[in-house]
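Asks: return a 3D structure for these sequence lines:
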Amino acid sequence: MRASCRAASDVLERVSGVIRPGITTREIDQAAADFMAELNCKSAFLGYRGFPGNVCISVNEEVVHGIGGGRRVQYGDIVKLDVGVIREGWVGDTATTVPVGIIEEKTQRLLRVTEDTLELAITFAESGRRLGDMCAAIEDEVVANGYTVVREFVGHGVGRKLHEEPQVPNYGRRGSGPKLKAGMTIAIEPMVNMGVAGVRVLGDKWTVVTLDAKPSAHFEHTVLITKGEPEILTWRKKTLLK
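Replies: Numbers count the residues shown, from 1 in each chain. Have a look, this model is predicted:
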């Protein structure tokens, strides 16, 4: 898992570096495929339940599961990159939101709150704690900052397969859910909307967008539960430094 997650994080960082005004989302997807080949891993997404892309690329009001195509990235956009790779039979899964140039302050705050919420959630990834404690903390932090969480799509266990138990929603009730145990690896991924929580799926049957067309942010880490402090297997530098 450490090797696969390191590869996923490397791909994510490299692809983040190619995003610029004028590039198409198809070119971003191809860059991801090239980087995966260099690192001797393959996409965990391509072909999964019929998904046609190597990575998920979602722009602005697109929340998750965007498909690379002819859309050109514009200055001031935010681009969500979700990368899953398979290396030696293990899956690494991670995501970030990339600001393209200087973005609006209100959008920058959305990104900052979402990334900070992910960091907060990870502090709850301790052996013996209830999963619901983490999930409730995510929603509480998001709502306290004036935003909403997406409820239709959730984090998850990850290991030999991309999606394993338990599900890790971005909402919940403290004291509920299974107990976390040392050795578990889970993908924690807050999806936070600037406006309403509601989403819909576009005609391509994959791309998820906000109902009110306002921006959404997405950050994700794969985390190992240990007997001590949680270990972030997809560690990277923060997208937005305070």
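Asks: any idea how far the closest residue to residue 212 other than its chain neighbours is from residue 164?
Replies: Of all residues not flanking residue 212 in the chain, residue 195 sits nearest, at 4.3 Å (C-beta to C-beta, 6 or more residues apart in numbering). The way it works is simple: take the backbone N, C-alpha and C, and place the C-beta from them, glycine included. Distance of residue 195 to residue 164, computed by C-beta to C-beta, to the nearest Å: 32 Å.
Asks: next: residue 190.
Replies: In terms of C-beta to C-beta, residue 190 sits 19 Å off from residue 164.
Asks: next: residue 75.
Replies: Plainly put, residue 75 is 39 Å away from residue 164 if you go by C-beta to C-beta.
Asks: over to residue 47?
Replies: 18 Å.
Asks: helices along the protein, start to end?
Replies: Along the chain, counting by DSSP state H, helices occupy 2-18, 25-38, 105-122, 131-144.
Asks: dump the ones you listed into TSV; add distance to residue 235, mean pLDDT and mean neighbour count as well.
Replies: TSV is the format used below for the helices of the chain (distance: least, C-beta to C-beta, whole Å; pLDDT from 0 to 100; neighbours: other C-beta atoms under 10 Å):
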stretch	distance to residue 235	mean pLDDT	mean neighbour count
helix 2-18	7	97	21
helix 25-38	18	98	19
helix 105-122	10	98	19
helix 131-144	18	98	20
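Asks: got those helices as CSV, with distance to residue 223 columns?
Replies: As requested, the helices of the chain are exported to CSV (distance: least, C-beta to C-beta, whole Å):
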stretch, distance to residue 223
helix 2-18, 9
helix 25-38, 22
helix 105-122, 6
helix 131-144, 10
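Asks: right, so of the ones you listed, which gets closest to residue 224?
Replies: Closest to residue 224 of these, according to C-beta to C-beta: helix 2-18, at 8.1 Å.
Asks: other residues contacting the closest one?
Replies: 27-28, 31-32, 35-36, 39, 41, 55, 81, 83-88, 90-96, 98, 222, 233-236 (C-beta atoms under 8 Å, 6 or more residues apart in numbering).
Asks: also stretch 169-176?
Replies: Outside of stretch 169-176, the residues within contact range by C-beta under 8 Å, 6+ apart are 130-136, 138-139, 142, 149-151, 154-155, 189-192.
Asks: hmm, 10 Å instead?
Replies: 117-118, 121, 124, 129-143, 148-156, 177, 188-192, 197 (C-beta atoms under 10 Å, 6 or more residues apart in numbering).
Asks: ok, stretch 22-31 next?
Replies: Contacts for stretch 22-31 (C-beta under 10 Å, 6+ apart): 11, 14-20, 43, 45-46, 52-59, 62, 66-75, 79, 81, 98, 100.
Asks: among the residues you listed, name the ones in strands.
Replies: Judged by DSSP state E, the contacts of stretch 22-31 include 43, 56-59, 62, 79, 81, 98 as members of strands.
Asks: which of those count as buried?
Replies: 43, 56-59, 62, 79, 81, 98 (16 or more other C-beta atoms under 10 Å).
Asks: how about these in TSV, adding distance to residue 216 and pLDDT?
Replies: Shown next, in TSV, are those (distance: C-beta to C-beta, whole Å; pLDDT from 0 to 100):
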residue	distance to residue 216	pLDDT
43	23	98
56	13	98
57	13	98
58	8	98
59	10	98
62	7	98
79	12	98
81	13	98
98	14	97
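Asks: poorly predicted segments of the protein, please.
Replies: Of all residues in the chain, those with pLDDT under 70 make up the ranges 238-242.
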